[in-house]
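Peer 1: Predicted model and sequence follow; I will ask about them next.
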Amino acid sequence: MLGLSAGVFVSMGPCIIEHTVPGKFMDSGYGSSTNIAICAGVALNMSLGLLIPLNQVDLKESQMWRIIYGNPIILLTISFLINLLYLKNDTLKHHVEKGETERAEQVMKRIYPEMSDDKIKNDVSSM
């Protein structure tokens with residue numbers, strides 16, 4: 001199950017990035033950083049298994065299983081809440097394809113608040 005989930009996220013991560021990151025920023029490490037984060041998360045959770053006691057007496061008293069199962073649940077809950085409450089807009093590519101340039105500019109302003117309005121308009125028009 002872990003391998004299937006990691007495979008889906010590794011293959012879908014670049015698709016999500018393609019829809020949300022403006023084209024000129026695609027040369028940076030956005031694509032590889034998501035794959036590195038996914039693999040690091042999998043490695044971290046698998047390495048937590050090394051903390052499980054090997055002898056039967058300590059294994060019965062160990063509460064390590066709570067951390068092993070709880071860690072992904074907590075992280076996915078935080079990710080879900082971020083997507084639900086903060087990243088609630090459609091993608092830039094969706095707005096540009098539908099001709100909703102004003103909405104695309106609002107999304108760009110939310111993603112890149114330090115950009116000037118003229119730069120945002122130029123970036124949206126070049127998409």
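Peer 2: Nice, I can see it.
Peer 1: any idea how far Ala37 is from Phe9?
Peer 2: Here the criterion is Cβ to Cβ, to the nearest Å. By it, Phe9 lies 9 Å from Ala37. To be clear about C-beta, it is placed using only N, CA and C from the backbone, and glycine gets the same treatment.
Peer 1: When the two are compared, which one has more neighbours?
Peer 2: Legend: neighbour count by other Cβ atoms under 10 Å for Phe9 and Ala37, higher for Phe9 (17 against 12).
Peer 1: List the contacts of the spatially most central residue of the chain.
Peer 2: Centroid-nearest residue in the chain: Thr34, 6.6 Å away (criterion: Cα atoms, centre = their mean). Thr34 is in contact with 9, 13-14, 16-17, counting by Cβ atoms under 8 Å, 6 or more residues apart in numbering.
Peer 1: State the distance from it to Ile52.
Peer 2: If you measure Thr34 against Ile52 using Cβ to Cβ, the figure is 29 Å.
Peer 1: same question, Ile120
Peer 2: The value you get for Ile120 to Ile52, if Cβ to Cβ is used, is 51 Å.
Peer 1: Counting neighbours, go ahead and name the busier of those two.
Peer 2: Neighbour count, other Cβ under 10 Å: between Ile120 and Ile52, Ile120 has more, with 19 against 13.
Peer 1: any low-confidence regions in this protein?
Peer 2: The chain contains residues with pLDDT under 70 at 1-2, 20-31, 87-89.
Peer 1: quick one: the helices in it?
Peer 2: For the chain, the helices defined by DSSP state H cover 2-20, 30-47, 56-61, 64-85, 92-97, 101-111, 117-125.
Peer 1: packing partners for the last one?
Peer 2: Right, the one you point to is helix 117-125. Judged by 3 or more Cβ pairs under 8 Å, 6 or more residues apart in numbering; DSSP states H and E, helix 117-125 is in contact with helix 101-111.
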